[in-house]
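1. Only the shape, not the letters, is given here:
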């Protein structure tokens with residue numbers, strides 16, 4: 001639903017407040033077990049990236065497509081008003 005709304009309004013979903021969402025960082029060995037258990041219990045969960053030791057930068061995505069996660073100046077939704 002979020003993807004459809006963001007595409008319609010042409011806004012970046014990575015710059016939304018995401019109220020109600022939880023972002024967790026776990027070791028790569030545990031990710032499959034954790035996401036599987038959460039999904040089995042009705043909590044949608046997926047891996048969105050990997051945190052690397054590159055100073056203060058945060059990157060997300062797969063090894064095929066990585067993007068630097070920029071800190072937004074404001075919530076993207078406010079651009080609609």
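-> That came through, no problem. In this text, all values refer to a predicted model and were calculated from it rather than measured experimentally. Numbering: from 1, shown residues only.
2. Tell me how many other residues surround residue 75.
-> Neighbours of residue 75 under the rule other C-beta atoms under 10 Å: 13. C-beta: built from backbone N, CA, C; applies to glycine.
3. Is it correct that it is in contact with residue 16?
-> Yes. Counting by C-beta atoms under 8 Å, residue 75 touches residue 16, with 6.2 Å between them.
4. just for the chain, where's the confidence low?
-> 52-65 (pLDDT under 70).
5. Closest to the centroid, which residue in this protein?
-> In the chain, the residue lying closest to the centroid (C-alpha atoms, centre = their mean) is residue 48, at 5.3 Å.
6. Starting from residue 79, give me the distance back to that one.
-> 23 Å (C-beta to C-beta, to the nearest Å).
7. cool, residue 5 as well?
-> Taken as C-beta to C-beta, the span from residue 5 to residue 79 is 13 Å.
8. residues contacting residue 80?
-> Shown in contact with residue 80 (C-beta atoms under 8 Å, 6 or more residues apart in numbering): 9, 11.
9. Tell me the backbone dihedrals of it, please.
-> In terms of degrees, to the nearest 10, the main-chain angles of residue 80 are phi -80, psi -10.
10. next one: residue 68
-> Per degrees, to the nearest 10, the backbone of residue 68 is at phi -70, psi 130.
11. Equivalent analysis for residue 21, please.
-> The phi/psi pair for residue 21 (degrees, to the nearest 10) is phi -90, psi 150.
12. Could you count how many residues lie near it?
-> The number of residues packed near residue 21 is 9, by other C-beta under 10 Å.
13. is it fair to say residue 4 lies in a strand?
-> No. With DSSP: H, G, I helix; E, B strand; the rest coil as the criterion, residue 4 is helix rather than part of a strand.
14. Please report how far it lies from residue 81.
-> 20 Å.
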